[in-house]
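Chemist: generate coordinates for the sequence data below:
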Amino acid sequence: MSGAGASHGTNVRDLAAISVICLAHGPALLALGLHGVRSRWFGAAALLLVLGTLVFVSDLALRQGLGVAPLPLAAPVGGVAMIGGWALVVLGAIAGQATE
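Modeler: Numbering: from 1, shown residues only. Model (predicted):
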């Protein structure tokens, strides 16, 4: 929905960002969900990516819909959580290579 809104609306910078973030993290979360049950690293990565994405995207959506940022630290907290999730993906891949 955010992608469609970004394509057809005006003043849609936040909608475009929501679309990109969700499209980037969706397939990664699907892969982690399928593999995460076998790896604590990937399970933790998936949790951080889900929480970070929800917090960050929710902040952008509220900003787009209300015109204000009602949760001032949500974007940085969500962004840090997403970065941490991706770092755990890398660490999980390294740890998996070390055990094979």
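Chemist: mind listing what I21 touches?
Modeler: Counting by CB atoms under 8 Å, 6 or more residues apart in numbering, I21 touches T53, F56, V57, L60, M82. For the C-beta atoms, the positions are set from N, CA and C on the backbone; glycine is no exception.
Chemist: wouldn't the third one be in contact with L23 here?
Modeler: Okay, so that is V57. No: using CB atoms under 8 Å, V57 is not in contact with L23; the gap is 11.2 Å.
Chemist: out of these two, which sits in the more crowded spot?
Modeler: Higher neighbour count among V57 and L23: V57, with 21 against 11, using other CB atoms under 10 Å.
Chemist: residues contacting that one?
Modeler: With contact taken as CB under 8 Å, 6+ apart, V57 is in contact with I18, I21, C22, G78.
Chemist: against R40, how distant is the second one?
Modeler: Yep, that's I21 we're talking about. 25 Å (CB to CB, to the nearest Å).
Chemist: report the buried residues of stretch 90-98.
Modeler: Of the residues in stretch 90-98, G92 count as buried by neighbour count, 16 or more other CB atoms under 10 Å.
Chemist: need the residues that contact it.
Modeler: S39, W41, F42, A45.
Chemist: possible to save those as a markdown table with pLDDT and secondary structure?
Modeler: As requested, these are exported to a markdown table (pLDDT from 0 to 100; DSSP: H, G, I helix; E, B strand; the rest coil):
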| residue | pLDDT | secondary structure |
| --- | --- | --- |
| S39 | 78 | coil |
| W41 | 86 | helix |
| F42 | 88 | helix |
| A45 | 90 | helix |
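Chemist: closest to A69 out of those residues?
Modeler: A45 (27.4 Å; CB to CB).
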